[in-house]
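Undergrad: I'll drop the sequence and a predicted model, then ask my questions.
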Amino acid sequence: MNKKELVDIVAKKTGAKKKDVKMIVDAAIEAIKEALEKGEKVQLVGFGSFEVREAAARKGVNPRTKQPIEIPARKVPKFKPGKDLKKRVSK
């Protein structure tokens, strides 16, 4: 499912206009991005949580030259599914 399909489904389920739903979905995604950018954790009960974690520096290999390279430490967003989501997906 992509964002357009999500907007279509939410609009159909709620009876709201697609234009309004798209604006709300975009605003929600932007709010999550801003919170993660600040280092905050975003918890959506029943769905899951988003947070930023540190990825340690590590050694890698350049696939083109096969030479070893050092991959620097960085921050990466992570998603952890909630109990309800895990339960629904594992059926």
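TA: Happy to help now that I have it.

Undergrad: pretty sure V61 contacts P68?
TA: Yes. Counting by C-beta atoms under 8 Å, V61 sits close enough to P68 to count as a contact (5.9 Å). All C-beta atoms are positioned from the backbone trio N, CA, C, and that covers glycine.

Undergrad: identify the residues contacting the host helix or strand of K33?
TA: Per DSSP states H and E: K33 is located in helix 18-37. Helix 18-37 is contacted by residues 3, 6-8, 10-11, 14, 41-42, 50-52, 77 when judged by C-beta atoms under 8 Å, 6 or more residues apart in numbering.

Undergrad: out of these, which are inside helices?
TA: Counted as lying in helices by DSSP state H, out of the contacts of helix 18-37, are K3, L6, V7, D8, V10, A11, T14.

Undergrad: T65 and P72: what is the separation?
TA: Between T65 and P72 the computed distance is 18 Å (C-beta to C-beta, to the nearest Å).

Undergrad: go on, V21?
TA: 40 Å.

Undergrad: over to the residue positioned nearest the centre of the chain: give its phi and psi.
TA: For the chain, the residue nearest the mean C-alpha position is F79 (6.0 Å; C-alpha atoms, centre = their mean). The phi/psi pair for F79 (degrees, to the nearest 10) reads phi -120, psi 130.

Undergrad: isn't it up against S49?
TA: Yes. Applying C-beta under 8 Å, one finds F79 in contact with S49, separated by 7.4 Å.

Undergrad: I71 touches A57, doesn't it?
TA: Yes. Assessed by C-beta under 8 Å, I71 is found in contact with A57 at 6.4 Å.
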